[in-house]
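> task: produce atomic coordinates for the following.
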Amino acid sequence: MLKVRFTAQDLLNVIVADTPAPLMELALALMTLQRDDNCHVFGGWRRRTIRNLPTRAEPLLQLLSPTGIGPLFLDPPSAGLDDGLSQVLATDRAVVEAELRRICATDRPQTAWIRQLAAQDRHAWHILKHAIVEAHRHVLAAEWPRLQVAFHAESAWRTHFLARNGLERTLTSLSAGLRWRDMSLEIDSPDVDREVTLCGEGVVLLPSLLWAGRVLAARQPAGPALIIYPALTPLPLHDAETVGDPLAALLGSTRADTLRVLTKPHTTTELAHALHVSVSAASVQARTLRDARLITTHRDGKAVLHWCTPLGVSLIAAPTTGPVNNRSVVAG
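This is a model prediction of the structure:
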């Protein structure tokens, strides 16, 4: 279990990020690329991305674990790729050595290249620089405008949810397996047993459109801590065009239509008929919304019925009209 201990000052300074973090999103995407869960969402994206991933980008996979562990110097606070890359290359040697020891003490093998990075070998760092550039070009660059639209919809929705429902419910709704107990957020995580103690700098809730794992938490060298969570709707489920429909910008058009239909109970067959799709396609949409806790599914005699949860109903009613003008913090 991962436990995040808050101070009273931290609780007074919890905000939602209003700008996506490019190097953090890249690192999380490469972690998701190595996972094998959520295949109905990420399966096609994984196959396409792995098939075309440039060889020069592959060294990054040595540093990034599918469990969400990676060196903090790899994704510093930055406004874009160039700024972030400059910060990566300027990382203090002691920080590099400490971070590489940390990841190799978990599940990253201590390869020859990682040892060369720790020793500040110029060729090894040249490889790292080009790996970041190539990975960004292949994984994020073309998708960045669509990712920003989806991020802003998520940020607006989450900020509205925080204002309406309060901090405890907001934190525990970020993902399944979260509890609030004695000034701590407890995160079910069979592969992690550690505690993160915050120190009054505040917290930024940072959604990721390409992360499929558990909620992550990290203190920063300066400024607020980060709590990184999977966005309500991952990028592979977002449609290219959702103009004029804030709910579709958040969920994608098909899932928005599905959620609206399920304000009244429907069987899977009835849902397929209402959406004009196959029963199997309707089943996939229902499963996706159920995983996000926006609908519930129960058996009523021989019938299996789907309908909105209170969270789903509040999402339909919420004004998700655009980005929120909060302080922007990116991950490191």
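> find the nearest non-adjacent residue to residue 13, please.
Excluding the flanking residues, the one nearest residue 13 by Cβ to Cβ, 6 or more residues apart in numbering is residue 202, at 3.0 Å. Placement of C-beta: from N, CA and C, glycine included.
> thought that neighbour was touching residue 17?
No - the criterion here is Cβ atoms under 8 Å, and residue 202 misses it with residue 17 at 11.9 Å.
> who's more crowded, these two?
Between residue 202 and residue 17, counting by other Cβ atoms under 10 Å, residue 17 is the more crowded of the two (27 against 20).
> list the contacts of residue 9.
200, 202 (Cβ atoms under 8 Å, 6 or more residues apart in numbering).
> residues of the helix ranked longest in the chain that come out buried?
Counting residues, the longest helix in the chain under DSSP state H turns out to be helix 144-165. Using 16 or more other Cβ atoms under 10 Å as the test for burial, helix 144-165 gives 144, 146-147, 149-162.
> and that helix, what does it pack onto?
Packing partners of helix 144-165 (3 or more Cβ pairs under 8 Å, 6 or more residues apart in numbering; DSSP states H and E): strand 14-16, helix 167-172, strand 203-208, helix 246-251, helix 310-317.
> that one vs helix 310-317, what angle?
Going by axes from the mean of the first three to the mean of the last three Cα atoms, to 10 degrees, helix 144-165 is angled at 110 degrees with respect to helix 310-317.
> name the nearest residue to the most centrally placed residue in the chain, sequence neighbours excluded.
By Cα atoms, centre = their mean, the chain has its centre lying nearest to residue 208, at 2.5 Å. Leaving aside its sequence neighbours, residue 208 sits nearest to residue 28 (Cβ to Cβ, 6+ apart; 4.8 Å).
> these two touch, right, that neighbour and residue 228?
Yes - if you go by Cβ under 8 Å, residue 28 and residue 228 touch, sitting 7.2 Å apart.
> which neighbours do the two share?
Shared between the contact lists of residue 28 and residue 228 (criterion: Cβ under 8 Å, 6+ apart) are residues 208, 211.
> what ranges do the strands span in the chain?
2-5, 14-16, 178-181, 184-187, 194-197, 203-208, 216-218, 225-230, 266-267, 295-300, 303-308 (DSSP state E).
> just so I know, which of those lies nearest residue 237?
Across the strands of the chain, the minimum distance to residue 237, taken as Cβ to Cβ, is reached by strand 225-230, at 11.5 Å.
> which neighbours does the closest one have in its sheet, and in what orientation?
Next to strand 225-230 in the sheet, as set by DSSP bridges, lie strand 203-208 (parallel), strand 216-218 (antiparallel).
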